[in-house]
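1. Let me see the structure of the following:
(4 chains)
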2 protein chains.
Amino acid sequence: MSNEIGYTPQAEERPAVTVDVVIFSLFEGALRALLVKRKSPPFAGQWAIPGGFVHLNESLEDAAARKLAEETGVTDVYSEQLFTFGDIGRDPRTRVITVAYFALIPYTAIEHHPGKHESATEWFKFDAMPELAFDHAEIVDYAHQRLRYKLEYTAVGFQLLPDEFTLTQLQRAYEIVLNEPLDKRNFRRKILVADIIEETGAKTSEGEGRPAKLYRYRTDSVTEVKTRRLFP
Amino acid sequence: MSNEIGYTPQAEERPAVTVDVVIFSLFEGALRALLVKRKSPPFAGQWAIPGGFVHLNESLEDAAARKLAEETGVTDVYSEQLFTFGDIGRDPRTRVITVAYFALIPYTAIEHHPGKHESATEWFKFDAMPELAFDHAEIVDYAHQRLRYKLEYTAVGFQLLPDEFTLTQLQRAYEIVLNEPLDKRNFRRKILVADIIEETGAKTSEGEGRPAKLYRYRTDSVTEVKTRRLFP
DNA sequence: ACAAAAGTGTTGAGAGTACACCCATGC
DNA sequence: GCATGGGTGTACTCTCAACACTTTTGT
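-> Residues are numbered from 1 along each chain as shown, chains lettered A, B, ... in the order given. So this is what the prediction gives:
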């Protein structure tokens, strides 16, 4: 019986396992995700999130990092496991279970927006997503929801910004992801009291108006801070 | 090339996929998890969390529900995907990727504490866990942490209680899972103001002292309530 | 001097926390 | 009548949210 403990199923009974990565970045006033255009069936010509099969000699995190590097050229960026999608019919070829990840990369780390990889890639705003292959629309929606949620309670938002940034840039980033305007004085007080950023000592030189102080994210600060709980 | 989009790997390149379920219940003053004693190698004779291979014709949720029913006899209980563990050496036989779930069952739903299934099962308190097979200690720790976290911000805690309960029972459940004493008046006010439970109209008849009002969880209430956010 | 963006405090409302006594029932 | 657990209110503190003007720079 295949459900008995200790039994190893033969290879032909095994599902295929892939990783898919929702890659977020923030530039030109919008939160965007990187999509690739599929060259082969099924869904040839349709957009999909980057992904591929997990090799037997790499961990899931390694597979996700490999896909990320292949599509964007970046390494050492924030990424996190999102959810595993395994419904029976999600891939018409065969049973495929996919472990979805999401990654945050600062726009300053993106080398060439047109993909240097052979496949066509493009950054899409969330309000202008094309139709997606497989169940990737569901995966992207879930990742977007999770990003907004995480941003409210943790400090991962800084992973979308360059190493040095102004408080106005930071506030804009929050406003874009949370999709609501924020009060400047309250925002600044709250961020500064949280003690997660520090001044670099430098100021912006370009741009109009009064130069702004530059800040950096304090990596020694706790990224996940406790908020007030609901229950009980 | 195996990382090319559209390529389907041959069966012998595929990892095996299992589901493992951390099953929580609350009785005799402690939060407990159900473990099964392994009969076959590897780790024969050691305790492990219930799990098994995912069939090709069932979804991940179905596989988790099947395992849960096999070990406890219960169906229709709260369960949720936890995390997918896929490190290379986690199973010495072959590459095995496991999708971990956690489930909450009320003690009133447990039929016979000694497993009716052929395998030996036992409920263990968290401060008296035996050594576990594979990376199951890590999975159990992660599930425990996630349960405490979820309990503070959502109403899933009610899934550990019978359909009707008193406020004192509810407070005890929270105190056990959160591992801290709570103020009776503040607890009651907070729970009642949240508007997630309602009186059944009945009272307890057995037990010493003044009879207590019975409450039930309002299934029409929103289970995930918004708490005050940290940023910004 | 003026346009453009940076920077800065106070007040009122709501929520959280700490804390002690009376009530209903069984024996 | 007493032991046992159920049930109830208030005062203080702290955090959040709303809100407008001054400062620094480039042109």
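2. Quick check: the closest residue to DNA strand C within chain A vs DNA strand D, distance?
-> Nearest residue of chain A to DNA strand C: A:G209, at 2.4 Å (CB to the nearest atom of the strand). C-beta here means a position set from N, CA and C on the backbone, and glycine is covered the same way. Note on A:G209: its distance to DNA strand D, by CB to the nearest atom of the strand, to the nearest Å, is 5 Å.
3. what about the residue nearest the centre of chain A, which SS state?
-> The centre of chain A sits closest to A:A103, judged by CA atoms, centre = their mean, with a distance of 2.9 Å. Under DSSP: H, G, I helix; E, B strand; the rest coil, A:A103 falls in the strand class.
4. where exactly do the strands run in chain A?
-> Ranges of strands within chain A are A:16-27, A:30-37, A:47-48, A:51-53, A:78-85, A:96-104, A:121-125, A:164-165, A:197-203, A:213-217, based on DSSP state E.
5. Throw those into CSV and include distance to B:G157 and mean pLDDT, thanks.
-> Listed next are the strands of chain A as CSV, based on distance: least, CB to CB, whole Å; pLDDT from 0 to 100:
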stretch, distance to B:G157, mean pLDDT
strand A:16-27, 31, 96
strand A:30-37, 34, 96
strand A:47-48, 39, 97
strand A:51-53, 36, 95
strand A:78-85, 23, 97
strand A:96-104, 28, 97
strand A:121-125, 39, 94
strand A:164-165, 40, 96
strand A:197-203, 36, 92
strand A:213-217, 35, 95
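6. which one of these lies closest to B:V54?
-> B:V54 sits nearest to strand A:96-104 of all the strands of chain A, at 7.5 Å, using CB to CB.
7. Show me the strands paired with that closest one, marking each as parallel or antiparallel.
-> Using DSSP bridges, strand A:96-104 pairs in its sheet with strand A:16-27 (parallel), strand A:78-85 (antiparallel).
8. Just say which of those is most tucked in.
-> Of those, the one with the most neighbours on average (mean count of other CB atoms under 10 Å in any protein chain shown) is strand A:16-27, at a mean of 24.
9. sorry, back to before: can you list the strands paired with strand A:96-104 in TSV and add distance to B:E70?
-> Formatted as TSV, these follow (distance: least, CB to CB, whole Å):
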stretch	distance to B:E70
strand A:16-27	24
strand A:78-85	21
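10. Take those strands and write them to a markdown table, including distance to DNA strand D.
-> As requested, the strands paired with strand A:96-104 are exported to a markdown table (distance: least, CB to the nearest atom of the strand, whole Å):
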| stretch | distance to DNA strand D |
| --- | --- |
| strand A:16-27 | 23 |
| strand A:78-85 | 25 |
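11. for these, which one sits closest to B:P42?
-> Closest approach to B:P42 among those is made by strand A:16-27 (21.3 Å; CB to CB).
12. Return the distance of that closest one from the chain's centre.
-> Strand A:16-27 has its C-alpha centroid displaced from the chain centroid by 7 Å (CA atoms, centre = their mean, to the nearest Å).
13. so how many other residues sit close to A:E208?
-> Using other CB atoms under 10 Å in any protein chain shown, A:E208 has 4 neighbouring residues.
14. any idea how far B:L68 is from the residue of chain A closest to DNA strand C?
-> Applying CB to CB, to the nearest Å, the value for A:G209 to B:L68 is 61 Å.
15. what does A:A65 give?
-> Per CB to CB, A:A65 is found 33 Å from B:L68.
16. Equivalent analysis for A:F27, please.
-> Noted for A:F27: a distance of 45 Å to B:L68, by CB to CB.
17. what does A:D20 give?
-> In this view, A:D20 and B:L68 are 27 Å apart by CB to CB.
18. I'd guessed A:E164 sits against A:Y217; true?
-> No - using CB atoms under 8 Å, A:E164 is not in contact with A:Y217; the gap is 9.3 Å.
19. Between those two, which is the more surrounded one?
-> Taking other CB under 10 Å, A:E164 and A:Y217 do not tie; A:Y217 has more neighbours (19 against 15).
20. Please name the residues that touch the residue nearest to that one when sequence neighbours are not counted.
-> Closest residue in space to A:Y217, ignoring its immediate chain neighbours: A:F158 at 4.2 Å, by CB to CB, 6 or more residues apart in numbering or on different chains. Going by CB atoms under 8 Å, 6 or more residues apart in numbering or on different chains, A:F158 touches A:170, A:196-197, A:217.
21. nearest to DNA strand D, of those residues?
-> For these, the minimum distance to DNA strand D (CB to the nearest atom of the strand) is 14.3 Å, reached by A:I196.
22. rewinding a little: got the strands of chain A as JSON lines, with distance to DNA strand C columns?
-> Listed next are the strands of chain A as JSON lines, based on distance: least, CB to the nearest atom of the strand, whole Å:
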{"stretch": "strand A:16-27", "distance to DNA strand C": "16"}
{"stretch": "strand A:30-37", "distance to DNA strand C": "18"}
{"stretch": "strand A:47-48", "distance to DNA strand C": "34"}
{"stretch": "strand A:51-53", "distance to DNA strand C": "38"}
{"stretch": "strand A:78-85", "distance to DNA strand C": "25"}
{"stretch": "strand A:96-104", "distance to DNA strand C": "23"}
{"stretch": "strand A:121-125", "distance to DNA strand C": "22"}
{"stretch": "strand A:164-165", "distance to DNA strand C": "10"}
{"stretch": "strand A:197-203", "distance to DNA strand C": "7"}
{"stretch": "strand A:213-217", "distance to DNA strand C": "3"}
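23. Before I go, just wanted to say thanks for your time.
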